[in-house]
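# Need the 3D shape of this:
(one chain, ligands or ions: 1)
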Amino acid sequence: MKNRDTLLFVGLLVVVTLAGIWGAQQRALDAAHTDSTSGSVNTRAGHFMVSAANPHATNAGYEILAAGGSAVDAAIAIEAVLSLTEPQSSGLGGGAYMLHWQADEGQLDAYDGRETAPMGATPELFYNEDGQMGFFTAFRTGRAVGVPGVVAMLAQAHAEHGALPWAELFKPAQRLATEGFIVSPRLATSLVSYRVASDRQTAMRDYFFTQNEDGAWAPVPAGHLLKNPAYAQTLSLIAEHGSAPFYTGEIAQEIVDAVQNAPVYPGTLSMADMAAYEPIRRDAVCLPYRRFDVCGMPPSSSGGLTVLQILGMLNESNLGDLDVGSLEAIHLITEASKLAYADRNRYIGDPAVVPVPIEGMLNKFYLRQRSREIMPNHAAPKALPGKAGIQTGALKAWGDNVSKAQPSTSHFSIVDGDGNAVSMTASVEAPFGSRLMAGGMVLNNQLTDFSFAPADENGPIANAVAPGKRPRSSMSPTLVFDENDDFYLAIGSPGGKRIITYVTQTLVGLLDWDLPMQEAINLPRHVQAGDASNLELEANTALSAQADALRALGHTVTVKPITSGLHGIKAVEGTYEGGADPRREGTVRAGILEYLE
Ligand code: GLU
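Numbering: from 1, shown residues only. All right, here's what the predicted structure looks like:
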């Protein structure tokens, strides 16, 4: 592997850029100037690629990679820009998970930057005088805000895998915050459809709304040039002093003030909670699937384990021989999903607090036995959790948790010029999080990912609220390796609990049917995101023609619009191909660094 110190960047020989067309499906292939097509990592030296949900973010990642930055460097620049240009989905006021592949050392790390509950949080966090709050009451409150983990996680990853100086990585976002950026159609539409209110949410109103001569407020339209001086100031502090101002200094104080003075149910989040935050580097969870090794995020996310459980059951089938989108394939994936969600709902919570039976859940013989519960010609009305947790005893009586996550979140994939890869999913939970802002950032409402009820008739719930605990997530950043342990692909998506199904279905397209990245992302979506039969088919696609046949098998079917946001990169014959989900406004960019000896 080439040493970065001897690397001299002389220019980009080839840049294939398909950025700039809102909502258009994008694909980039940097085909020129490859001197070999053998497919080994070395032949890709200097090639880099980024796929992200917003063109400004893709451009920021590209700029950093073209300057010789590492995949982690690019991730930092991208997330700082997403916080500004896609604030409905993710940002520095939220949390994230990142898988990182260090190509020269063959080292895989899983970074957990999930929000934590303040020490003042109790199991009754989402109860009021009338009992348990409804989700839509809880999500706009100060109580819903967890300590944001993104900045600390990125600082930790940069200390371990950064190449460029930390301060450099914030420049694209600082530029956009100061000079302004053009509001995208998706951001403008989100302000309307997610009912950001000008009367109750004053910090958001002052930033996202304009007032006409009659005093009426209106959300900014697409095409508006929006500046964010407060965020520019936040970025300057972080760029200059690292994560300290965010967790112990003036940014922390702004966040605490916003939460403690929230107009609806203020939270207890304190300076001590901010100072106590620690990102966690964990071991990724991996499972052999066909000729590949598929790796995902371990708990506190449920994403990796659940994706792998579904694949582990599908491993017992002949899925590769079935037609793409065939009735048999949909039935099989749907039934395996139900069984995996049943285990997820029962067993997964923050591993610092509950003993998650990771090995039992991924045990090959356990998954084989679970796959035998799938009836070939009949849909189960509801799946029950298996005995994966039996060895941990205490879990036998644990109750299920119902996830009410709303679709937001952002996923991006990166490969740098040295072949290092990042697959990162970040979120503020609901669109525009808690509707509170501080330091020009939207503050998350991630604590609504906890079970609102601490227990049910079966016993205590693994994902109940507790002080300092991380709420269970569905985020599923994924990396796949081939039989030589070389990087094969990176993928992930937003979508709340549906993330797991989006990612699994796309992996089947890529690994069983060998589809190009963009085609796998484009596949019409079929979603079974729970243990009870509730199969959603993407409207206005060929899949809706399967609805009656699926109903005849016993599936409960609805046809509806489905908005995944998959962004992926796949290694192909000595270079990379990327894909961006046409259902959102993401782009792919690629380039080649030339090395001088
Ligand atoms: N908060 C969700 C999670 O961590 C993600 C929200 C979404 O994608 O809409 O799983």
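# Can you report how many residues lie near Val354?
The tally of other residues near Val354 (other CB atoms under 10 Å) stands at 24. Just so you know, the C-beta spots here come from the backbone N, C-alpha and C atoms, and that holds for glycine as well.
# neighbours around the closest residue to it other than its chain neighbours, how many?
Once flanking residues are discounted, Val354 sits nearest to Ala462: 4.6 Å by CB to CB, 6 or more residues apart in numbering. For Ala462, the count of nearby residues is 27 (other CB under 10 Å).
# ok, Ala462 touching Pro351?
No: in this structure, Ala462 is not within contact of Pro351 by CB atoms under 8 Å, at 10.0 Å.
# Glu179 is in contact with Lys227, isn't it?
Yes: judged on CB under 8 Å, Glu179 makes contact with Lys227 at a distance of 7.1 Å.
# who's more crowded, the two?
Using other CB under 10 Å as the criterion, Glu179 and Lys227 rank with Lys227 on top: 16 against 10.
# ok, Asp548 - how many residues close by?
Here the number of neighbours of Asp548 (other CB under 10 Å) works out to 9.
# For the stretch of helix or strand it belongs to, which residues meet the burial criterion?
In this assignment (DSSP states H and E), Asp548 forms part of helix 547-552. Judged by neighbour count (16 or more other CB atoms under 10 Å), helix 547-552 contains these buried residues: Leu550.
# name the helices or strands packed onto it?
With contacts taken as 3 or more CB pairs under 8 Å, 6 or more residues apart in numbering; DSSP states H and E, helix 547-552 sits against helix 327-347, strand 535-538, strand 557-560.
# after the longest one, next one along is what?
Once the chain leaves helix 327-347, the next helix or strand it forms, by DSSP H and E, is helix 358-362.
# Can you give the distance of whichever helix or strand comes after that following helix from its chain's centre?
Heading C-terminal from helix 358-362, the first helix or strand you meet, by DSSP H and E, is helix 364-371. Counting by CA atoms, centre = their mean, to the nearest Å, helix 364-371 is centred 28 Å from the centre of its parent chain.
# got the angle for helix 364-371 vs helix 327-347?
Relative orientation of helix 364-371 and helix 327-347, computed by axes from the mean of the first three to the mean of the last three CA atoms, to 10 degrees: 120 degrees.
# near the ligand, which residues of this protein?
405-409, 427, 429, 446, 449, 473-475, 494-496, 499 (CB under 6 Å from any ligand atom).
# measure stretch 551-565 end to end?
Stretch 551-565 has its terminal residues 27 Å apart, counting by CA to CA, to the nearest Å.
# Report the mean confidence score over it.
The average pLDDT within stretch 551-565 is 96.
# gap between Asp485 and Arg186?
Separation of Asp485 from Arg186 (CB to CB, to the nearest Å) stands at 38 Å.
# In terms of neighbours, single out the busier of those two.
More crowded of Asp485 and Arg186, by other CB under 10 Å: Arg186, with 21 against 11.
# Which element, helix or strand, includes that one?
Here Arg186, judged by DSSP H and E, is contained in helix 185-193.
# residues near Tyr277, how many?
Counted with other CB under 10 Å, residues neighbouring Tyr277 total 22.
# In this structure it contacts Ala244, no?
No: counting by CB under 8 Å, Tyr277 sits too far from Ala244 to count as a contact (11.9 Å).
# overlap in contacts of these two?
Common neighbours of Tyr277 and Ala244, using CB atoms under 8 Å, 6 or more residues apart in numbering, do not exist here.
# Sketch out the helices for the stretch 51-200 of the chain, chain order is fine.
Using DSSP state H, counting those that start in this stretch, the helices assigned to the stretch 51-200 of the chain run over residues 55-66, 71-85, 135-138, 150-161, 171-179, 185-193.
# which one of these has the most crowded surroundings?
Compared across the helices of the stretch 51-200 of the chain, helix 71-85 shows the largest average neighbour count, a mean of 30 (mean count of other CB atoms under 10 Å).
# looking only at pLDDT, what's the mean for it?
98.
# Now do it against helix 150-161, angle only.
Counting by the same axes, to 10 degrees, helix 71-85 lies at 160 degrees to helix 150-161.
# packing partners for helix 71-85?
Helix 71-85 packs on strand 47-52, helix 55-66, strand 95-102, helix 150-161, helix 171-179, helix 229-241, strand 410-415, strand 421-427, going by 3+ CB pairs under 8 Å, 6+ apart.
# Tell me the strands beside the last one, with direction?
Strand partners for strand 421-427, identified by DSSP bridges, are recorded as strand 95-102 (antiparallel), strand 410-415 (antiparallel).
# So what pairs up with the residue sitting nearest the centre point of the chain in the strands?
Geometric centre of the chain, nearest residue: Thr425, 2.5 Å, by CA atoms, centre = their mean. When assigned by DSSP bridges, Thr425 has beta-bridge partners Tyr97, His411.
# Contact partners for His331?
By CB under 8 Å, 6+ apart, His331 lies in contact with Pro376, Ala379, Leu550, Leu553, His555.
# got any ranges where the stretch 301-450 of the chain has weak pLDDT?
Scanning the stretch 301-450 of the chain for pLDDT under 70 picks out 389-407.
# if we can go back for a sec, among the residues of the chain next to the ligand, which ones are in helices?
Secondary structure from DSSP state H places Ile499 of those in helices.
# With respect to Tyr341, which of the residues of the chain next to the ligand is nearest?
Ser474 (10.0 Å; CB to CB).
# isn't the closest one right up against Ile499?
Yes: under the criterion of CB under 8 Å, Ser474 makes contact with Ile499 at 4.7 Å.
# so what's in contact with these two at the same time?
Gly303.
# tally of neighbours for Ala276?
Ala276 sits with 14 neighbouring residues when counted by other CB under 10 Å.
# ok, the closest residue to Trp513 other than its chain neighbours to Ser243 distance?
Of all residues beyond its chain neighbours, the one nearest Trp513 is Val324 (5.3 Å), with distances taken as CB to CB, 6+ apart. According to CB to CB, Val324 and Ser243 sit 45 Å apart.
# The two: which has the busier surroundings?
Counted by other CB under 10 Å, Val324 and Ser243 do not tie: Ser243 has more neighbours, with 23 against 14.
# so the more buried one sits right up against Val151, yeah?
Yes: contact criterion CB under 8 Å: Ser243 and Val151 qualify, at 5.0 Å.
# Between the two ends of stretch 579-590, how far is it?
End-to-end for stretch 579-590, by CA to CA: 11 Å.
# begin at 737 from here
I'll keep to 737 as the first residue from here, and by that count the last item is stretch 1315-1326.
# Go ahead and produce CSV holding the CA coordinates of stretch 1233-1248.
Only the C-alpha atoms of stretch 1233-1248 are listed here, as CSV (Å, rounded to 0.1, in the frame of the first residue of the first chain):
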residue,chain,number,x,y,z
LYS,A,1233,-37.3,0.4,10.6
ARG,A,1234,-37.7,-0.1,6.9
ILE,A,1235,-34.0,0.6,6.4
ILE,A,1236,-33.3,-3.1,7.2
THR,A,1237,-35.6,-4.3,4.4
TYR,A,1238,-34.3,-1.7,1.8
VAL,A,1239,-30.7,-2.8,2.5
THR,A,1240,-31.4,-6.5,2.5
GLN,A,1241,-33.4,-6.4,-0.7
THR,A,1242,-30.6,-4.4,-2.4
LEU,A,1243,-28.0,-6.8,-1.2
VAL,A,1244,-30.0,-9.7,-2.7
GLY,A,1245,-30.0,-7.8,-6.0
LEU,A,1246,-26.3,-7.3,-5.8
LEU,A,1247,-25.1,-10.6,-4.4
ASP,A,1248,-27.6,-13.1,-5.7
